[in-house]
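Have a look at this fold, sequence not included:
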């Protein structure tokens, strides 16, 4: 069960980070001069999403 | 800005090209030995000592776990180990100090302490003779026990065999309270372990490098930077312009610059040292929860002791919202104060551990495909496939090493920024 | 519970926590004091120096521009001065020439007038002198003639008498 939960958490994180990446690419394409700002915020947001996913994975592992 | 990224990228490529080659050689040897030593540990006598325990099968999971774990001696090459000082404390017995080489690779017991798979364990049984004892070996047995939640679970127990009699071994105490399968046992291990040793090494490197950079600034005052100074200046400016200045703000950032810089470079050096696959490196420093816990606690303390009135007001009594919402929001805000550093801790730990596990698993493909050396074709296939994937993963891990150090630093900076920020307008808050 | 049995990196070890805290604090204290702070100050100082140099250059440029304008003004003033002086000089020259001319003319006039007068005077003197001479000469001639004639004829005497009457000084 835990492994399944961890897998689902990873799935969610993948979707989230993918969305962030795609939107960031679009934003950079639209405004190449803001690339530094967009990159920083992209990494930050991705880190937050990933944090939630890791939470899920750890809890999943603990919950057997 | 782009130049800065390009520089960091080039540096990563350079380091990776070096470490890639080494990983292919170093790790496979290490793996080789570990597989063998695992086999040796198999046949012992006792309650489990008497049983014939053959584990000639290559067990990828336990090998990987053994490699990412902390150890009381630093494995260098085949049978060569670097001895490390053991500092042990057992309530009732007091402190014990000796070098790990005195265990003679686990064949001797010292005052009830035994080296089990590279880690010091202790015999809690008072009938176990003190002093130097020649032991027959260590064996293990799986038993069903009640865990912290009262459910039955299978747990590995290790025994040391002395004169055919088994004595149960206690692992070192851990602070997880039994939730993660550890807990307080009969002794505490304050040794300079493999991780501590690697951490000291990283710190010395850090101090040497930045002292040199510092000298460069003293020498080239009023002039253009040169040498190692010009190599590290972009990193320095990167942390300032991308992390502290935008996150903490013009007014306060200078105060926190040394802390954020130390965090960033300490994590970065530990990450990179962990990626080097042979002797001074390879320790899974930042992939150990104890290390990331400490760093996260530092971030937590620095954030909260610098929190101003606005910060605490926003936690306990968020202004500008109806009172009944405050009763829901306040517990969430209080929780988030702890969740933030908790997420920092888990993120760094999980990323670096996962990287080490993946690389070791890919190297392990050689043994899985080679069926423990019986299938030469499989060894080659595993070597080629595993080697290529390891090369690829190493590149990714270099990126991750930088990225995680950056994320840890930038998130800490943003938490500190939120704590010291002054809210002038009631509408301005989120 | 899958691989958590061996997964001891997730168990926080008090020894490791102690050493991590100690090492991190030492690195933070040492590097913060001896490296990061001085480097930060050096960078800041350099930034300020560069800003200062830029400001200085800008100020110097402005100064030079101001100086140039001043020069131009000075030059223009000088030029004006020169033309003024030249004009004045010309005026003075013209005035002097005019005055001299006038003076000369006047002098000449005076000289001419004096000369005319002198000439008149001289002429009058000469005429008088001539008259006197002529009178004397005529007297002498007449005396000689009369002496000769008088010794002879009475008719002659009468004629001389008429002649003398005829010579009358205009």
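Here it is on my side, so go on. What you see is a predicted model; the values in this text were computed from it and never measured.

Sketch out the low-pLDDT regions of chain A for me.
For chain A, residues meeting the criterion pLDDT under 70 lie at A:61-64.

Tally up the residues packed near residue 21, please.
Reading this off chain A. Using other CB atoms under 10 Å in any protein chain shown, residue A:21 has 13 neighbouring residues. C-betas here are computed from N, CA, C, even on glycine.

if you could check chain C rather than the one you did, that'd help
Number of residues near residue C:21 (other CB under 10 Å) recorded here: 17.

Tell me which helix or strand the closest residue to it other than its chain neighbours sits in.
In this structure, residue C:21 finds its nearest non-sequential neighbour in residue B:294, 5.0 Å apart by CB to CB, 6 or more residues apart in numbering or on different chains. Using DSSP states H and E, residue B:294 maps to helix B:289-305.

Report all helices and strands that that helix contacts.
Applying 3 or more CB pairs under 8 Å, 6 or more residues apart in numbering or on different chains; DSSP states H and E, we find helix B:289-305 packed against helix B:253-275, helix B:323-369, helix B:376-420, helix C:14-31.

of those helices, which approaches residue B:103 most closely?
Among the helices and strands packed on helix B:289-305, the nearest to residue B:103 by CB to CB is helix C:14-31 (17.2 Å).

helix, strand or coil for the residue nearest the centre of chain C?
Geometric centre of chain C, nearest residue: residue C:85, 4.4 Å, by CA atoms, centre = their mean. Three-state assignment for residue C:85 (DSSP: H, G, I helix; E, B strand; the rest coil): helix.

what's the most buried one of the helices and strands packed on helix B:289-305?
helix B:253-275 (a mean of 23; mean count of other CB atoms under 10 Å in any protein chain shown).

where's the spatially most central residue of chain A relative to residue A:25, distance?
With distances taken as CA atoms, centre = their mean, residue A:17 lies nearest the centre of chain A, 3.1 Å away. According to CB to CB, to the nearest Å, residue A:17 stands 12 Å off from residue A:25.

swap in residue B:111?
62 Å.

Which secondary structure element is home to the residue of chain A at minimum distance from chain B?
Across chain A, the shortest distance to chain B (CB to the nearest CB) belongs to residue A:51, at 3.9 Å. Per DSSP H and E, residue A:51 falls inside helix A:35-62.

Give me the buried positions along that helix.
By neighbour count on 16 or more other CB atoms under 10 Å in any protein chain shown, the buried set for helix A:35-62 is A:35, A:38-40, A:42-51, A:53-58, A:60-62.

Equivalent analysis for stretch B:308-326, please.
For stretch B:308-326, by 16+ other CB under 10 Å, it's B:310, B:311, B:314, B:315.

Out of the residues you listed, which is nearest to residue C:129?
When the buried residues of stretch B:308-326 are compared against residue C:129 (criterion: CB to CB), the nearest one is residue B:310, at 139.3 Å.

Break down the stretch 1-150 of chain B into its helices, ranges please.
Remark: helices assigned in the stretch 1-150 of chain B by DSSP state H, counting those that start in this stretch are B:2-40, B:60-68.

least reliable of the ones you listed going by mean pLDDT?
If you rank the helices of the stretch 1-150 of chain B by mean pLDDT, helix B:2-40 sits at the bottom with a mean of 42.

Just want to know which of residue B:111 and residue A:25 has more residues nearby.
residue B:111 (18 against 12).

possible to save the helices and strands packed on helix B:289-305 as CSV with mean pLDDT?
Shown next, in CSV, are the helices and strands packed on helix B:289-305 (pLDDT from 0 to 100):
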stretch, mean pLDDT
helix B:253-275, 90
helix B:323-369, 87
helix B:376-420, 89
helix C:14-31, 91
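
need those in a markdown table with distance to residue B:282, can you?
What follows is the helices and strands packed on helix B:289-305, written out as a markdown table (distance: least, CB to CB, whole Å):
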| stretch | distance to residue B:282 |
| --- | --- |
| helix B:253-275 | 7 |
| helix B:323-369 | 9 |
| helix B:376-420 | 12 |
| helix C:14-31 | 17 |
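
now for these, which one comes closest to residue B:64?
Closest to residue B:64 of the helices and strands packed on helix B:289-305 is helix B:323-369 (CB to CB; 4.4 Å).

on that earlier part again, helices or strands next to the helix holding residue A:51 in the packing?
Applying 3+ CB pairs under 8 Å, 6+ apart, one finds that helix A:35-62 contacts helix A:2-30, helix B:323-369, helix B:376-420.

State the pLDDT value of residue B:171.
Listed pLDDT for residue B:171 reads 83.

ditto for residue B:243
pLDDT for residue B:243: 86.

Measure how buried it is and give me the count.
Around residue B:243 there are 26 other residues, counting by other CB under 10 Å.

repeat for residue C:94
Using other CB under 10 Å, residue C:94 is surrounded by 10 other residues.

so it sits in a helix?
Yes: Residue C:94: assigned to a helix according to three-state DSSP.

quick one: it from chain B, how far?
68 Å (CB to the nearest CB, to the nearest Å).

Helices of the stretch 151-300 of chain B, start to end?
Using DSSP H, counting those that start in this stretch, the helices of the stretch 151-300 of chain B run over residues B:194-219, B:228-238, B:245-248, B:253-275, B:289-305.

same for the second one, what does it pack against?
In terms of contacts (3+ CB pairs under 8 Å, 6+ apart), helix B:228-238 is packed against helix B:2-40, helix B:194-219, helix C:37-150.

so how far is it off the chain centroid?
27 Å (CA atoms, centre = their mean, to the nearest Å).

so it versus helix B:253-275, what angle?
Put simply, helix B:228-238 runs at 120 degrees to helix B:253-275, going by axes from the mean of the first three to the mean of the last three CA atoms, to 10 degrees.

Give me the buried positions along helix B:228-238.
Neighbour counts over helix B:228-238 (16+ other CB under 10 Å) mark B:229, B:232, B:233, B:234, B:235, B:236, B:238 as buried.

and the helix-or-strand element of chain C with minimal mean pLDDT, what does it pack onto?
Across the helices and strands of chain C, the lowest-confidence element by mean pLDDT, DSSP states H and E is helix C:154-166, at a mean of 76. The helices and strands touching helix C:154-166, judged by 3+ CB pairs under 8 Å, 6+ apart, are helix C:37-150.

Kindly provide the whole-number mean pLDDT of the helix it packs on.
Mean predicted lDDT for helix C:37-150 stands at 90.

Look at residue C:9 and say how many residues are nearby.
Count around residue C:9 with other CB under 10 Å applied: 25.

Now do the contacts for it.
B:68, B:69, B:70, B:284, B:287, B:288, B:289, B:349, B:353 (CB atoms under 8 Å, 6 or more residues apart in numbering or on different chains).

quick one on the thing from earlier: excluding covalently adjacent residues, which one is nearest to the residue nearest to the centre of chain A?
Once flanking residues are discounted, residue A:17 sits nearest to residue A:46: 5.0 Å by CB to CB, 6+ apart.
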